[in-house]
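Enquirer: Generate coordinates for the sequence data below:
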Amino acid sequence: MRKKLPEWIKRGIIDTESTRTVRKILKERSLNTVCESARCPNKGECFSQKTATFLIMGDVCTRNCKFCGVKKGMPQPVSQNEPESIAEAVVKLELDYIVITSVTRDDLKDGGAAHFAKVISALKNIKKDLKVEVLTPDFQGDYHALSVVLDASPDVFNHNIETVKRLYPEVRNMADYQRSLNLIAYSKRNYPHIHTKSGFMAGLGESFEEIKELLADLHHHNCDIITAGQYIQPTALSREVSRYLTPEEFEEINKAAISTGIKQAFCSPLARSSYRAGELAGKNL
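Expert: Modelled structure (predicted):
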C-alpha cells in the first residue's frame, strides 16, 4: 500500500494558457518530456513557465530501475528529425536554458551518444547563446561514447547517482555505483570547462550517514552541483517509499553537501534533477 503524501509534498494542478501552449508545441512536434514520462510533481509549475525537460530517443527504457515511472521494454528506432524538432520548440518557447535527457538505450551501440551530440549541435546552431544541460545515462561506462556527447560542448553534464551504494542491487540492479561516479570524474578531468552535476533521491531506505558518504564520493569525483529530492512511488509496481523526509531534513542534506565541498546544492522535498536547472547553474561556480 502506498504511503499517504505529507502536505509539503502535494502539488495542485496548474492549467493555464502557458501550460496549454507548452503541451500544444510538444504535441505538434511529437516530442517527449521527462516531466510527463516520469510523472514529475513539478510539471505544472515548469509548463506554466513555458519550460520543459526534453526526453529524447523515445519514451521506453531498456532498464528496469525500481524507482522509475518511465515505460520499460524494447524502444522504437530513434527519430532522425528529433534534433530539429526540439530546436524549433526551444525557439517557440523562447528558452535561454534547456535540459536534454533520455531513456537508457542499451540496445544502441553507442547508447545514443551520437544522437545527444546532434541535439546539442542543433540547439547551439539555432540559438548561439542558449545554455544546454544534458542529463545522460551511463553509456555502460563507455568513455568514448561519453566523449562524443561532451565534444558537442554542453554547458552542464549531469549524470544521476540516484541512491546510495548499498541500495544499488535493489534499486538500480542494471547500473553500477562506481561506474556512475567515474563518468563524472572523467568529464571534469577531460572537459574542465563543463560543469558537472548529479542527483539522488531520499526516502528509499538510506541512512543519513550513507547520504554523507554519497556526498563525499561525489565531491571526491569532482561533482560541482548536486540535487536531492524526495522519492515518490510513481506506480503500484515501483519500490515503496521507506519514509518521507521533512523539509528540515533536506536542509540538513543541503548543509552537509556544502560542508563536504560541493559548490552548489539544491536539496528539498520536490527538488528534481532538472528542476530550476538554469537558476542553479547560473550561480557562481
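Enquirer: which residues sit in contact with the closest residue to residue 52 other than its chain neighbours?
Expert: Leaving aside its sequence neighbours, residue 52 sits nearest to residue 33 (Cβ to Cβ, 6 or more residues apart in numbering; 4.5 Å). Every residue, glycine included, has its C-beta placed from N, CA and C. Going by Cβ atoms under 8 Å, 6 or more residues apart in numbering, residue 33 touches 26, 43, 52-55.
Enquirer: likewise residue 177?
Expert: With contacts defined as Cβ under 8 Å, 6+ apart, the neighbours of residue 177 are 161, 165, 168.
Enquirer: again, only this time at 7 Å
Expert: 165, 168 (Cβ atoms under 7 Å, 6 or more residues apart in numbering).
Enquirer: For it, give me the pLDDT.
Expert: The model reports residue 177 with a pLDDT of 98.
Enquirer: Residue 43 now?
Expert: At residue 43, pLDDT is 52.
Enquirer: and residue 113, how many residues sit next to it?
Expert: Counted with other Cβ atoms under 10 Å, the neighbours of residue 113 add up to 25.
Enquirer: wouldn't it be in contact with residue 137 here?
Expert: No: the criterion here is Cβ atoms under 7 Å, and residue 113 misses it with residue 137 at 9.6 Å.
Enquirer: Could you tell me how many residues sit around residue 32?
Expert: As a burial measure, residue 32 scores 23 neighbours (other Cβ under 10 Å).
Enquirer: residues contacting it?
Expert: Residue 32 makes contact with 55, 58-59, according to Cβ under 7 Å, 6+ apart.
Enquirer: what about it, distance to residue 26?
Expert: Noted for residue 32: a distance of 8 Å to residue 26, by Cβ to Cβ, to the nearest Å.
Enquirer: do the same with residue 108
Expert: On the measure of Cβ to Cβ, residue 108 and residue 26 end up 23 Å apart.
Enquirer: So these two - more neighbours on which side?
Expert: Just comparing residue 108 and residue 26: by other Cβ under 10 Å the higher neighbour count belongs to residue 26, 22 against 18.
Enquirer: ok, the more buried one - contacts?
Expert: Residues in contact with residue 26 (Cβ under 7 Å, 6+ apart) are 33, 52, 89.
Enquirer: Can you flag which of the residues you listed belong to helices?
Expert: Secondary structure from DSSP state H places residue 89 of the contacts of residue 26 in helices.
Enquirer: Any idea which of the contacts of residue 26 the model trusts least?
Expert: Lowest pLDDT of these: residue 52, 70.
Enquirer: Apart from its chain neighbours, what residue comes closest to residue 122?
Expert: Using Cβ to Cβ, 6+ apart and skipping the chain neighbours, the partner closest in space to residue 122 is residue 83 (3.7 Å).
Enquirer: sorry, back to before: quick check: of the contacts of residue 32, which lies closest to residue 198?
Expert: Nearest to residue 198 among the contacts of residue 32 is residue 55, at 18.5 Å by Cβ to Cβ.
Enquirer: can I assume that closest one sits in a strand?
Expert: Yes: under DSSP: H, G, I helix; E, B strand; the rest coil, residue 55 falls within a strand.
Enquirer: Distance of residue 186 relative to residue 274?
Expert: Taking Cβ to Cβ as the measure, residue 186 falls 22 Å from residue 274.
Enquirer: Mind checking which of the two has more residues around it?
Expert: Using other Cβ under 10 Å, the more surrounded residue of residue 186 and residue 274 is residue 274, with 28 against 19.
Enquirer: thinking that one is in contact with residue 99, fair?
Expert: Yes: in this structure residue 274 lies within contact range of residue 99 using Cβ under 7 Å: 4.0 Å.
Enquirer: farthest-separated two in the contacts of residue 33?
Expert: Farthest pair in the contacts of residue 33 (Cβ to Cβ) is 43 and 54. Separation: 13.2 Å.
Enquirer: if you average pLDDT over stretch 252-267, what comes out?
Expert: Mean predicted lDDT for stretch 252-267 stands at 97.
Enquirer: Quote the end-to-end distance of it.
Expert: 9 Å (Cα to Cα, to the nearest Å).
Enquirer: now this structure, which segments are flagged as low pLDDT?
Expert: 1-3, 10-19, 34-51, 283-285 (pLDDT under 70).
Enquirer: let's see 80
Expert: 1-4, 8, 10-23, 25-52, 69, 275-276, 279-285 (pLDDT under 80).
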